[in-house]
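Student: sequence and computational prediction follow.
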Amino acid sequence: MLITISQLIIGSVDLIAAFLLMFGLWRMASPVTAPSGILVAGVGMLAAVVASFLYVFTVDAVAKPHLPLNIGLAAAALIIGAGVAWWCGRKVAITAMPQAVALFNGMGGGAAGAIAAVELFGSQTHGVGPLVVTLLGALIGSISLSGSVIAWAKLDALLKKPLHVPGLQIFNGVVLLACLMVGAYIVFAAVGGAAPVLTMPHLIEIFFGIALLYGILMTLPIGGADMPVVISVYNAFTGLAVGLEGFVLQNPALMIAGMLVGAAGLLLTLLMAKAMNRSVAKILFASFGPGKKRKQGAIKGSLKPVQASDAGIFMRYAKSVIIVPGYGLAVSQGQGKLYDFVKLLQAAGVSVKFAIHPVAGRMPGQMDVLLAEAGVPYDLIVQLADVNEEFKDADVALVIGANDVVNPEARTDKTSPIYGMPILNADQAKKCYVVKRGDGKGYAGIVNPLFYADNTFMVYGDAAAVCVSMTEAVRGLGAPAAAA
């Protein structure tokens, strides 16, 4: 009777948790409601975790002597994991958020792989179907784990150049095929009853080893400019792996949550690939970014430096300004100072908008989060498709810390690594100010012709310091700031 009640409670809580996860995900669709959505989803996850301790009433008699130790280990793991996540969440800088997302995503894939390992090494999976699903979850989870670690290393500049070796993609295909063959042999040996060439534990270890190796080899050739899409791909992988292992364990919460994450990650991946005008296959199995060098055509025009104060005063007397934020703004932590400047412009009657490119920064939505952190109203933040036609009527385009997402070469040069990628039409504004610390190239490793255009002027310096200088120059005119 006690077992039946515990199972009923677990099932009910799992369904409630799944609903909270779905509702939380729906709330995350808007930056305005995202904080409450995250909280709701967190409550759902906490409920599912607490309810899972009721499984102690359903264990076999053989396992009952080990319950105190196992419960203690589970509680310790939860406390340590929650403590580390809480500390990282509070301490990680906005510029390091992509690295944190990559690592946490990898941990999710590793958790799915660990569940599969317990099932496989414990011989708890029987039948062809469940065994194939378990191995598939193990494969996908392992690839997500090792691939996410490499993505983290690339984002953190520990691995600065993609690995380009002739025939690497063919070798990767052989490695994946070998992993699948080992998995097929495990199924054959387990179901067919034939004595395997190696012991089953050794075969499982080889399977996991090859899967982890493939995740590394798959990610090493991918350039830094594609890392946002790669993170999204591995996020989808993690969700799929969790969903598959939930099927094996017959756990509704894992199945629903895993499929939700997998579907959302897949949709985001497709949207980002579309925003870059590239297929997912080309991103994963071709090279992009600074790894491959090419001879770039001669750049026409010259760089024209101006003072930050002059740029600020000019914008004070403009009618409309469109701001394009990029990773450089995040590095300088200048979003608050930028918004202070924007409020001065608004007080003077200047129309101001923030134009967001889908792949600006190092991860999806990073610029939206950055501006929301500074208190920028959401109605001022406009996505590429909705703002691009307005640049030609704008008096000023202020590009601050962005590069590749405003490179007009993407429209004209078929040899460019970013050719075909939709860009923000900052070059079409009547005047363009570009805030940069130097003449460095973007993530794609190419010079931006926009910087040399006749209507473009360079404002050199740290983004936060430049915003302060522009603000001081406008305040010097006696202009009050608009209310936040």
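Tutor: Thanks, I have the structure now. Residues are numbered from 1 along each chain as shown.

Student: helix or strand right after the helix or strand of the chain with the lowest mean pLDDT?
Tutor: The weakest-scoring helix or strand in the chain, judged by mean pLDDT, DSSP states H and E, is helix 280-285 (a mean of 70). Next in sequence after helix 280-285, counting helices and strands by DSSP states H and E, comes helix 308-316.

Student: mean confidence for that following helix?
Tutor: For helix 308-316, mean pLDDT rounds to 94.

Student: which helices and strands does that helix pack with?
Tutor: helix 335-347, strand 396-400, strand 431-436, strand 456-460, helix 463-475 (3 or more CB pairs under 8 Å, 6 or more residues apart in numbering; DSSP states H and E). All C-beta atoms are positioned from the backbone trio N, CA, C, and that covers glycine.

Student: in a markdown table, list these along with mean pLDDT, distance to Ala29 and mean neighbour count.
Tutor: Putting the helices and strands packed on helix 308-316 into a markdown table (pLDDT from 0 to 100; distance: least, CB to CB, whole Å; neighbours: other CB atoms under 10 Å) gives the following:
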| stretch | mean pLDDT | distance to Ala29 | mean neighbour count |
| --- | --- | --- | --- |
| helix 335-347 | 93 | 22 | 22 |
| strand 396-400 | 95 | 27 | 28 |
| strand 431-436 | 94 | 31 | 24 |
| strand 456-460 | 94 | 35 | 20 |
| helix 463-475 | 93 | 29 | 22 |
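
Student: in the stretch 351-484 of the chain, where is pLDDT below threshold?
Tutor: Applying pLDDT under 70 to the stretch 351-484 of the chain picks out residues 362, 439-445, 479-484.

Student: ok, back up a step: would you format the helices and strands packed on helix 308-316 as TSV with distance to Val182 included?
Tutor: Formatted as TSV, the helices and strands packed on helix 308-316 follow (distance: least, CB to CB, whole Å):
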stretch	distance to Val182
helix 335-347	49
strand 396-400	51
strand 431-436	50
strand 456-460	56
helix 463-475	51
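
Student: the ones you listed: which one's closest to Ile381?
Tutor: Closest to Ile381 of the helices and strands packed on helix 308-316 is helix 335-347 (CB to CB; 11.3 Å).

Student: for the residue nearest to Gly127 when sequence neighbours are not counted, grab phi and psi.
Tutor: Nearest non-adjacent residue to Gly127, counting by CB to CB, 6 or more residues apart in numbering: Val191, 7.4 Å away. With angles defined as degrees, to the nearest 10, Val191 sits at phi -90, psi -40.

Student: go on, Ala355?
Tutor: Per-residue torsions, Ala355: phi -100, psi 120 (degrees, to the nearest 10).

Student: and if you look at the one 5 residues further on?
Tutor: The phi/psi pair for Ala360 (degrees, to the nearest 10) reads phi -70, psi 140.

Student: how many other residues sit next to it?
Tutor: 30 (other CB atoms under 10 Å).

Student: quick check, it in contact with Pro325.
Tutor: Yes: between Ala360 and Pro325 there is a contact at 7.0 Å, judged by CB atoms under 8 Å.

Student: return every residue with contacts to both of those two.
Tutor: Overlap of the contact sets of Ala360 and Pro325 (by CB atoms under 8 Å, 6 or more residues apart in numbering) consists of 367, 402.

Student: quick one: mean pLDDT over the lengthiest helix in the chain.
Tutor: In the chain, assigned by DSSP state H, the helix with the most residues is helix 128-155. On average, the pLDDT along helix 128-155 is 90.

Student: residues in contact with the closest residue in space to Phe19 that isn't next to it in sequence?
Tutor: Spatial nearest neighbour of Phe19, chain neighbours left out: Gly44 (7.4 Å); criterion: CB to CB, 6+ apart. Residues in contact with Gly44 (CB under 8 Å, 6+ apart) are 16-21, 24.

Student: mind checking which of those are buried?
Tutor: Buried members of those, counted by 16 or more other CB atoms under 10 Å: 16-18, 20-21, 24.

Student: which of these fall in strands?
Tutor: Judged by DSSP state E, strands contain none of these.

Student: and which of the residues you listed is nearest Gly173?
Tutor: Leu21 (35.9 Å).

Student: any idea how far the closest one is from Phe104?
Tutor: In this view, Leu21 and Phe104 are 16 Å apart by CB to CB, to the nearest Å.

Student: what about the nearest residue to Leu168 once chain neighbours are set aside, how many residues nearby?
Tutor: Closest residue in space to Leu168, ignoring its immediate chain neighbours: Pro221 at 5.9 Å, by CB to CB, 6+ apart. Residues lying near Pro221 (other CB under 10 Å) number 20.

Student: pretty sure Pro221 sits against Gly167.
Tutor: No: with contact defined as CB under 8 Å, Pro221 does not reach Gly167; the gap is 11.4 Å.

Student: give the contact list for Asn20.
Tutor: Residue 20: Leu, not Asn. Taking CB under 8 Å, 6+ apart, we find Leu20 in contact with 40-41, 43-44, 47.

Student: Val382 pairs with what?
Tutor: Beta-bridge pairing for Val382 (DSSP bridges): Ala355.

Student: wait, which of the contacts of Gly44 is closest to Thr33?
Tutor: Using CB to CB, the contacts of Gly44 come closest to Thr33 at Gly24, 9.7 Å.

Student: count of residues packed around the closest residue in space to that closest one that isn't next to it in sequence?
Tutor: What sits nearest to Gly24 in space, not counting adjacent residues and going by CB to CB, 6+ apart, is Ala41, at 2.9 Å. Using other CB under 10 Å, Ala41 is surrounded by 22 other residues.

Student: now Ala41: phi and psi?
Tutor: phi -60, psi -40.

Student: my guess is it contacts Trp26. True?
Tutor: No: checked against CB under 8 Å, the pair Ala41 and Trp26 is beyond contact range at 9.8 Å.

Student: any weak-confidence spans in the stretch 201-350 of the chain?
Tutor: Using pLDDT under 70, the stretch 201-350 of the chain drops low at 224-225, 275-278, 282-298.

Student: swap in 80 and give it another go.
Tutor: By pLDDT under 80, the weakly predicted segments of the stretch 201-350 of the chain are 223-229, 251-253, 271-301.

Student: quick one: residues contacting the closest residue to Gly301 other than its chain neighbours.
Tutor: Excluding its sequence neighbours, the residue lying closest to Gly301 (CB to CB, 6+ apart) is Tyr452, at 3.5 Å. Counting by CB under 8 Å, 6+ apart, Tyr452 touches 299-303.

Student: what of Ala211?
Tutor: 113, 138-139, 142-143, 146, 179.
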